[in-house]
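Student: what follows is a predicted protein model with its sequence.
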Amino acid sequence: MGNTLKKSVLVLIGVAGLIAVAAFLYLQFGLDGGSGQMWRLRAWFADPAAHPDWQLTGGERCPGAAMLLPTDGYVGFGRGDSFRPGHTHSGFDIFSPDGEVNVTPIYAAYDGYLIREADWRSTVILRHEDFPGPASLQADPDLDAPTPGDQIWTYYTHMASADGETSFVSEEFPPGTYNVFVAAGTLLGYQGNWSGTPSRPTGLHLHFSVVKSTQTGGYANETDAANTYDPGLFLGLAQGEDGVWRCR
């Protein structure tokens, strides 16, 4: 009878844990429990080590890719995904396998000039002048991709603690940093879970996007997906039939 009770308690604890994860994902991202995307995120949060084939390795380059992979982890959301009515995601969310903030490094995906605005707690953006881009980006005339010589930007965010009090951006790039050259592979900071709202931390991940320039040469509003390109084109990633992003 004692063993039966213990087993029942363990089962209830396990169910409660899954419910907690599902509730977090629903509140944070508005996903329903029936989607394959939701199932994979739950599985990743529960045990990343059980899914090594889902994980990208930061600092490495997929074959033929223009850019380095910016961090370790699983691409839980891609550009074009929707978390709620009227919303379109503007980049990749790469979820850490480490389970702790300020552990998983984030690297510059391409040579560029770094900006960290004075009020940015968890974010940096890199300007890439005269971006050549691989020939594959121009192979499809219907593809939304830069032409050789265009200026583009790469955007990295969520590098801070849940309350926003502690930044995980590298100390080499304090707030108010402008146009500092960094080489591809330079450490920019570490993954965190700052969402911009202290009462509602995000899941531990890097949000990475490739941003278009404005007509005056600045960076466009990254929150609008129309102002970004598909990061998979630059990172050499494609989504498989199982929904997982891997090197092409």
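Tutor: Structure's in. What do you need?
Student: tell me how far the residue nearest to M67 when sequence neighbours are not counted lies from F131.
Tutor: The shortest distance from M67 to any residue other than its chain neighbours is 4.0 Å, reached at A109 (CB to CB, 6 or more residues apart in numbering). Just so you know, the C-beta spots here come from the backbone N, C-alpha and C atoms, and that holds for glycine as well. Using CB to CB, to the nearest Å, we find A109 at a distance of 11 Å from F131.
Student: which residue sits closest to G243, ignoring its sequence neighbours?
Tutor: G36 (5.3 Å).
Student: all helices for the chain, in order.
Tutor: 2-29, 36-46, 231-235 (DSSP state H).
Student: could you check how far C247 is from A238?
Tutor: 8 Å.
Student: bridged to the closest residue to L126 other than its chain neighbours, which residues?
Tutor: Spatial nearest neighbour of L126, excluding adjacent residues (CB to CB, 6+ apart): G112 at 3.5 Å. Here G112 sits in beta bridges with V182, going by DSSP bridges.
Student: contacting residues for G112?
Tutor: 126-129, 153-154, 181-182 (CB atoms under 8 Å, 6 or more residues apart in numbering).
Student: among those, the buried ones, what's the PyMOL command?
Tutor: To isolate the buried members of the contacts of G112 in PyMOL, using 16 or more other CB atoms under 10 Å:
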select buried, resi 126+127+128+153+154+182
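Student: possible to save the contacts of G112 as a markdown table with pLDDT and distance to I94?
Tutor: Shown next, in a markdown table, are the contacts of G112 (pLDDT from 0 to 100; distance: CB to CB, whole Å):
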| residue | pLDDT | distance to I94 |
| --- | --- | --- |
| L126 | 99 | 16 |
| R127 | 99 | 21 |
| H128 | 98 | 19 |
| E129 | 96 | 25 |
| W153 | 98 | 18 |
| T154 | 99 | 13 |
| F181 | 99 | 24 |
| V182 | 99 | 19 |
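Student: any idea which of the contacts of G112 is closest to D53?
Tutor: Distance to D53 across the contacts of G112 (CB to CB) is lowest for T154, with 25.7 Å.
Student: I'd say the closest one and V124 touch.
Tutor: No - in this structure, T154 is not within contact of V124 by CB atoms under 8 Å, at 9.1 Å.
Student: ok, the residue nearest to D93 when sequence neighbours are not counted - how many residues close by?
Tutor: By the measure of CB to CB, 6+ apart, the closest residue to D93 outside its immediate chain neighbours is F77, 4.2 Å from it. If you count neighbours by other CB atoms under 10 Å, F77 ends up with 21.
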